[in-house]
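>>> Pasting the sequence and the predicted coordinates here, then a few questions.
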Amino acid sequence: MIDAMPPTEVANAQRFERFGLDADAGAVARVRQHFTDWLRQFFALDDVRRSDVVLAINEALANAAEFAYLQVDRPGTIDIQAIYDEKSETLSVCIEDRGTWRARQTEPAPRTRGRGIPLMETLSDDAVIEPSTSGTTVKLEWRGVTRL
C-alpha cells in the first residue's frame, strides 16, 4: 500500500493548486479561505462575482469531502487546481477526488440538501462533472475575469 503524499501548495498570478487535501470539512474551509485570498490578491472581481466563484468551488469541494469516500474505510484526498489564462481572460478550476460518484438525486431532496450541483451550474459560466472508475472531476470556468 502506498501512503498518501503530504499536501502540496502553489499560489501565484497564474495558478492556485492544492494537491492531497484531506477530504474533510476542516480542509475544505481552509482551502476556501486560501482560494478567496488568492482571488482578492490577483483578480479584479467585484464582491458578488468573487462570492459566486468561491461558493461554486466550495460546493464541489464539499461534495467530494462528504460523498466521495463513503464506501471506503479510510479518508481520501481532494485536489484543486485553478489556472488563469490571461489571453482569454478565463479562470478554470478543476476539483478531483479518487472516490466513488454518488448519482444525482432524481427524487425531491430535503429542503436543505441537493443544491450543490445546480449552484455550480448557475454560478459558473461552464460546469462539467466527469465521474469515472478512478474518481470524479469537476471542471468550472469563468470568462471575462481580469487581473488587478
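Yes, it's here. Owing to the predicted nature of the structure, the values given are computational and were not obtained by experimental measurement.
>>> what's the longest helix along the chain in contact with?
Longest helix in the chain by number of residues, with DSSP state H as the criterion: helix 47-67. With contacts defined as CB atoms under 8 Å, 6 or more residues apart in numbering, helix 47-67 is touched by 23-25, 27-28, 31-32, 35-36, 39-40, 43, 45, 78, 80, 82, 91, 93, 95-97, 99, 102, 115-117, 119-120, 123-124, 127, 136, 138, 140, 142. Heads up, the C-betas are built off the backbone N, CA and C, glycines and all.
>>> The helix or strand following it pairs with which strands?
Of the helices and strands lying after helix 47-67 in sequence (DSSP states H and E), the nearest is strand 77-85. Here strand 77-85 has these sheet partners by DSSP bridges: strand 15-22 (antiparallel), strand 90-97 (antiparallel).
>>> Now do strand 77-85 and helix 47-67, the angle between them.
Interaxial angle of strand 77-85 relative to helix 47-67 (axes from the mean of the first three to the mean of the last three CA atoms, to 10 degrees): 150 degrees.
>>> pull the helix or strand with minimum mean pLDDT from the chain.
For the chain, counting by mean pLDDT, DSSP states H and E, strand 8-11 ranks last in confidence among helices and strands (a mean of 70).
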